[in-house]
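Enquirer: A predicted structure for the sequence below; I have some questions about it.
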Amino acid sequence: SAVISQKPSRDICQRGTSLTIQCQVDSQVTMMFWYRQQPGQSLTLIATANQGSEATYESGFVIDKFPISRPNLTFSTLTVSNMSPEDSSIYLCSTDVLGARGAFFGQGTRLTVV
Amino acid sequence: AQRVTQPEKLLSVFKGAPVELKCNYSYSGSPELFWYVQYSRQRLQLLLRHISRESIKGFTADLNKGETSFHLKKPFAQEEDSAMYYCAARGGSRLTFGEGTQLTVNP
């Protein structure tokens, strides 16, 4: 299993600013994933972060808006840039530990943009 | 395109009644199917996956490839089963989630 710590747990931000969300895993993992969950909707994959390479973004998400860092095998950050109210969502970090039964998730970051 | 569909956003049953949460998928190849659960104020966590053919907290799910379904069932629902349930499919490393079903078990 893996324990994932995500912070901040919530934040209220002004439009036009940026927020960086941190995700720490208690073991080394190859892949880390960032999801967005908009109000009343399901989880949507933003990007996959591999250590030592550029993140792979899903359709509709771009690096300029959601830059991702993956400096080592236990840590990743997601930045939500130039925020607007439409970015108000829960952002989740996830990983899939090799041999594990399934993906593990952080507790999420609830972002409100005003 | 890969797609997971949960037709019911809300499902309400009484304690002791059977419950079935529906999930259909549209996926190329042979995806791995999962059910995830999120209890109030807790993080999303894995409930079960089709490969294991397991029963967790009394829940089972059978993969029906002909109908491309992976419905979650429990013969006797308990109040503590009240939660948000997500069906998910994985092809490669990518998980695709359904929209979720909010299950409420009434006393």
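Expert: Right, received. Where do you want to start?
Enquirer: how about the helices in chain B?
Expert: Counting by DSSP state H, chain B has no helices to list.
Enquirer: how about residue 103, what does it touch?
Expert: By default, I'm working from chain A. Residue A:103 makes contact with A:33, A:94-96, B:34, B:46, B:95, according to C-beta atoms under 8 Å, 6 or more residues apart in numbering or on different chains. In short, each C-beta sits where N, CA and C put it, glycine included.
Enquirer: switch to chain B, please.
Expert: By C-beta under 8 Å, 6+ apart, residue B:103 lies in contact with B:11-13, B:19, B:21, B:77, B:81-85.
Enquirer: any chance of TSV for the residues you listed, columns pLDDT, neighbour count and distance to residue B:1?
Expert: Output for the contacts of residue B:103, formatted as TSV (pLDDT from 0 to 100; neighbours: other C-beta atoms under 10 Å in any protein chain shown; distance: C-beta to C-beta, whole Å):
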residue	pLDDT	neighbour count	distance to residue B:1
B:11	97	17	26
B:12	97	13	31
B:13	97	17	32
B:19	97	22	30
B:21	97	24	23
B:77	97	22	33
B:81	97	20	32
B:82	98	17	32
B:83	97	20	28
B:84	96	15	24
B:85	97	23	23
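Enquirer: now, which of those residues sits nearest residue A:10?
Expert: For the contacts of residue B:103, the residue nearest residue A:10 by C-beta to C-beta is residue B:84; the value is 18.3 Å.
Enquirer: thanks a lot, see you next time.
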